[in-house]
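*Asks:* Prediction below, plus the sequence it came from.
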Amino acid sequence: MAEVDFKQANESYAASFGNNGKLSIPPSKRLVVVTCMDARLHPEQFLGLDLGEAHIIRNAGGLAKESLRSIIISQRLLGTQDVLVIHHSDCGMLTFSDEQLRSKVINAHPGDTSVSEAVNNLQFGPFPDLDRSVKDDVAFLKNHPLVLKEGNITGWVYEVETGKIREVV
């Protein structure tokens, strides 16, 4: 999409922005949603959330460990309590291993030792089992000393095939 397309889309958005600029910084539902960056997911829509109601934290796989800094800021400075961890079916994180991705990156930069050193220090966080990954992320957050215990931390799977969510217990 060309830059001009973004500008036109923003003009249209801004024209109907209304009083959204007056929303408070803390989310009104005191909710944090940790989910995947997959472009097929629209968490505000499938959870029925409006602008200003929740913090949506997205990364590859919706991994809790990568979201920890944002969760701490959200809870400690902006008053959120409940955390939803939402992974999804047909996730790309189910399709590779750290070693496979490291090899792909290194092979794209033959002889560049700085690339090899940098990529070998990364953990990409792929997972072979969807429900297990949700359970592991929920347990990580529930057991982390910096995550507040006042709210609920629950795990979910969004089914990209149907648009439905299901709780992982």
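*Replies:* In hand now; what should we look at?
*Asks:* which non-adjacent residue is nearest the residue positioned nearest the centre of the chain?
*Replies:* By C-alpha atoms, centre = their mean, the chain has its centre lying nearest to residue 58, at 2.3 Å. Excluding its sequence neighbours, the residue lying closest to residue 58 (C-beta to C-beta, 6 or more residues apart in numbering) is residue 37, at 4.5 Å. In this view, the C-beta of every residue, glycine as well, is placed from N, C-alpha and C.
*Asks:* contacting residues for that neighbour?
*Replies:* Contact analysis of residue 37 by C-beta atoms under 8 Å, 6 or more residues apart in numbering lists 58-60, 62.
*Asks:* Now do the helices in this structure.
*Replies:* Along the chain, counting by DSSP state H, helices occupy 3-15, 43-46, 64-78, 98-107, 113-120, 130-143.
*Asks:* For the first one, the averaged confidence score.
*Replies:* It refers to helix 3-15. For helix 3-15, the mean per-residue pLDDT is 88.
*Asks:* now do the fifth one
*Replies:* Mean pLDDT, helix 113-120: 96.
*Asks:* which residues sit against it?
*Replies:* Here helix 113-120 has contacts from 101-102, 105-106, 109, using C-beta under 8 Å, 6+ apart.
*Asks:* quick revisit: and residue 151, which of the helices of the chain is closest to it?
*Replies:* Residue 151 lies closest to helix 64-78 among these, at 8.0 Å (C-beta to C-beta).
*Asks:* hang on, the earlier thing: turn the contacts of residue 37 into JSON lines, columns for distance to residue 32 and pLDDT.
*Replies:* Shown next, in JSON lines, are the contacts of residue 37 (distance: C-beta to C-beta, whole Å; pLDDT from 0 to 100):
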{"residue": "58", "distance to residue 32": "12", "pLDDT": "98"}
{"residue": "59", "distance to residue 32": "13", "pLDDT": "98"}
{"residue": "60", "distance to residue 32": "18", "pLDDT": "98"}
{"residue": "62", "distance to residue 32": "12", "pLDDT": "98"}
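*Asks:* Residue 99 versus the closest residue to residue 82 other than its chain neighbours, what's the distance?
*Replies:* Closest residue in space to residue 82, ignoring its immediate chain neighbours: residue 151 at 4.1 Å, by C-beta to C-beta, 6+ apart. Remark: distance between residue 151 and residue 99 (C-beta to C-beta, to the nearest Å) = 37 Å.
*Asks:* Which one, of the helices of the chain, ends up nearest to residue 31?
*Replies:* Checking the helices of the chain against residue 31 by C-beta to C-beta gives helix 64-78 as the closest, at 9.2 Å.
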